[in-house]
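Asker: Here's my sequence, what's the structure:
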Amino acid sequence: MTAPTDNMSGLTGHPWVRTAVQIGFLVFSLFVCWQFHTFVIWLSDPTSAAPHRPPSVDAWLPIGSLMSLTHLLRTGEASSAHPAGLVIFSLILVLSLAAGRGFCSWVCPIGTLSEWSHKAGKKLLGRNLLLPRWIDIPLRGVKYLLLGFFLYAILRMPVEALRMFLEGPYNRIADVKMYLLFAEMTRLTAIVLAVLLVLSVLVKNFWCRYLCPYGAFLGLFAWRSLIAVRRDAGRCTGCRKCENACPNRVRVWKRRRVGSLECTMCFDCVRACLTRAALAVSWPAPKRNVTMPAYAAILVGTFIMVSQAARSAGYWESGTDLRLYAALYNFVHQIDHPRTPWSLSNQEMRQPLQRPVVAQPTASDSLSFPEVTGHAKNELRGVVRH
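Answerer: Numbers count the residues shown, from 1 in each chain. Below you'll find the predicted structure:
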């Protein structure tokens with residue numbers, strides 16, 4: 001039996017560190033979900049004191065956050081609808097540039113559940129399915145196709161269309177729509193989730209590896225990150241234990257610096273290496289190794305500091321008035337996703353531009369959008385007036 005080496009201890013730190021961080025973020029996510037559940041219950045009967053709406057729930061709206069970031073970069077104006085989402089999304093992009101795709105394997109609750117699923121599958125079945133490369137590589141392209149679709153749709157939107165969406169009823173209550181997708185689950189949704197769960201048990205990181213456009217986007221930012229897995233070719237024996245340990249099948253043993261779009265900084269390859277100092281997570285030259293506790297401190301510390309800074313700056317809580325939230329909730333099933341923005345008429349796109357994007361919304365302003373129509377629009381105006 002091979003004795004533990006520096007790579008199993010000194011260069012990584014205790015392996016339970018990542019598990020502890022995963023559990024911490026998962027528990028926090030469940031707490032946020034419970035808080036938001038109580039908020040949605042209040043929306044159905046807003047006669048008592050309103051419970052606190054957890055701003056961190058905005059993290060579950062990455063597409064809206066990408067639209068907010070696009071609008072911010074184009075106009076310099078920050079949307080007031082889901083500010084925490086924009087802060088968290090931007091933070092994750094910056095972290096990916098600096099420290100790789102650690103969000104996927106350390107922070108993301110979906111990534112954690114996906115990892116635990118395939119580990120449970122290996123314990124139950126003795127092994128996970130290993131798809132041949134000729135199937136694996138095309139399947140990996142699916143998430144980039146999905147990412148390309150979203151980027152194409154969002155980046156070509158005119159500023160007026162972006163502003164219209166961000167200020168509109170659909171975006172302002174998108175968090176509730178996401179909640180109801182699971183709280184009022186349809187048979188189709190249940191079947192899709194069940195299929196994804198089975199595939200996640202059978203195949204390592206099925207969702208993350210093949211279908212998640214968010215992870216694909218982060219991979220583009222993390223490709224040349226400062227902190228990365230680096231290999232000392234002079235010390236490497238080519239045993240390929242690193243590749244076998246990698247849940248994403250990155251060929252670590254062939255690279256001096258692992259710049260793969262698929263690397264999620266899980267440290268599994270470094271822990272599997274049996275040769276002293278042949279493989280390490282490190283900063284660039286002068287090479288300074290980063291242990292698992294140090295990497296955890298970077299991720300957790302940055303999340304805490306940035307969220308507190310945004311809170312102190314007054315850009316964290318949603319700018320949507322609670323009365324408007326409650327009024328919109330009454331017709332949540334009648335608020336459809338807006339039509340493709342560039343198919344709207346100039347008059348329709350000009351309607352939401354009567355006030356700045358950062359101003360507090362009024363019900364009558366919001367109701368000028370085409371996703372609220374007919375009887376629901378008239379009823380909603382009446383509810384807010386009274």
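
Asker: all helices of the stretch 151-300 of the chain, in order?
Answerer: 159-167, 169-172, 174-183, 187-202, 206, 213-222, 241-245, 268-272, 292-312 (DSSP state H, counting those that start in this stretch).

Asker: Single out the most deeply packed of these.
Answerer: Stretch with highest mean neighbour count among the helices of the stretch 151-300 of the chain: helix 169-172 (a mean of 26; mean count of other Cβ atoms under 10 Å). All C-beta spots, glycine's among them, are computed from the backbone N, C-alpha and C.

Asker: sorry, back to before: let me have the helices of the stretch 151-300 of the chain in CSV, extended by distance to residue 20.
Answerer: Formatted as CSV, the helices of the stretch 151-300 of the chain follow (distance: least, Cβ to Cβ, whole Å):
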stretch, distance to residue 20
helix 159-167, 37
helix 169-172, 35
helix 174-183, 27
helix 187-202, 22
helix 206, 25
helix 213-222, 22
helix 241-245, 20
helix 268-272, 16
helix 292-312, 8
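
Asker: where does this structure dip in pLDDT?
Answerer: Within the chain, the ranges that satisfy pLDDT under 70 run 1-13, 286, 339-386.

Asker: longest helix of it?
Answerer: helix 16-44 (DSSP state H).

Asker: which residues touch the helix or strand just after that one?
Answerer: Per DSSP states H and E, the first helix or strand lying C-terminal to helix 16-44 is helix 62-75. Helix 62-75 has contacts (Cβ atoms under 8 Å, 6 or more residues apart in numbering) with 58, 77-79, 81-82, 85-86, 88-90, 150, 154-155, 157, 159, 162-163, 165-166, 171, 174, 214, 217, 357.

Asker: Go again with 7 Å.
Answerer: 77-79, 82, 85-86, 89-90, 150, 154-155, 159, 162-163, 165-166, 171, 174, 214 (Cβ atoms under 7 Å, 6 or more residues apart in numbering).

Asker: what's the answer for stretch 244-260, then?
Answerer: Counting by Cβ under 7 Å, 6+ apart, 204-205, 209, 223-224, 228-231, 233, 236, 238, 240, 242-243, 262-264, 266, 268-269, 272 sit against stretch 244-260.

Asker: Can you flag the buried ones in those residues?
Answerer: For the contacts of stretch 244-260, a burial check counting by 16 or more other Cβ atoms under 10 Å picks out 204-205, 209, 223, 228-231, 236, 242, 262-264, 266, 268-269, 272.

Asker: So which of those belong to strands?
Answerer: 228-231 (DSSP state E).

Asker: Number of residues surrounding residue 251?
Answerer: 12 (other Cβ atoms under 10 Å).

Asker: Kindly report the same for residue 92.
Answerer: Neighbour tally, residue 92, other Cβ under 10 Å: 26.

Asker: That one: what's it in contact with?
Answerer: Contacts of residue 92 by Cβ under 7 Å, 6+ apart are 103, 218.

Asker: What distance do you get for it to residue 271?
Answerer: Between residue 92 and residue 271 the computed distance is 25 Å (Cβ to Cβ, to the nearest Å).

Asker: circling back to that earlier point, reformat the ones in strands among the buried ones among the contacts of stretch 244-260 as TSV; add distance to residue 14.
Answerer: Formatted as TSV, those follow (distance: Cβ to Cβ, whole Å):
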residue	distance to residue 14
228	21
229	18
230	21
231	23
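
Asker: Just the closest of those to residue 23, please.
Answerer: In terms of Cβ to Cβ, no member of those lies closer to residue 23 than residue 229, at 23.7 Å.

Asker: I'd say that closest one and residue 269 touch.
Answerer: Yes - the pair residue 229 / residue 269 is scored as a contact, 6.2 Å apart, by Cβ atoms under 7 Å.

Asker: helix or strand for residue 149, which one?
Answerer: helix 133-155.

Asker: can you dump the C-alpha coordinates of that helix into CSV?
Answerer: Output in CSV follows, covering the C-alpha atoms of helix 133-155 (Å, rounded to 0.1, in the frame of the first residue of the first chain):
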residue,chain,number,x,y,z
ARG,A,133,-15.1,9.7,-26.0
TRP,A,134,-17.0,9.7,-29.3
ILE,A,135,-20.2,10.2,-27.3
ASP,A,136,-18.7,12.2,-24.4
ILE,A,137,-17.2,15.0,-26.5
PRO,A,138,-20.4,15.8,-28.6
LEU,A,139,-22.5,15.7,-25.5
ARG,A,140,-20.2,18.2,-23.8
GLY,A,141,-21.0,20.5,-26.6
VAL,A,142,-24.7,20.6,-25.7
LYS,A,143,-24.1,23.0,-22.8
TYR,A,144,-22.1,25.3,-25.1
LEU,A,145,-25.0,25.3,-27.6
LEU,A,146,-27.4,26.3,-24.8
LEU,A,147,-25.0,29.0,-23.7
GLY,A,148,-24.6,30.2,-27.3
PHE,A,149,-28.4,30.5,-27.6
PHE,A,150,-28.7,32.6,-24.5
LEU,A,151,-25.7,34.8,-25.4
TYR,A,152,-27.0,35.3,-28.9
ALA,A,153,-30.5,36.2,-27.6
ILE,A,154,-29.3,38.6,-24.9
LEU,A,155,-26.3,40.3,-26.5
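
Asker: How far away from the center of its chain is it?
Answerer: Relative to its chain's centre, helix 133-155 lies at 16 Å (Cα atoms, centre = their mean, to the nearest Å).

Asker: Then stretch 57-69?
Answerer: Relative to its chain's centre, stretch 57-69 lies at 8 Å (Cα atoms, centre = their mean).
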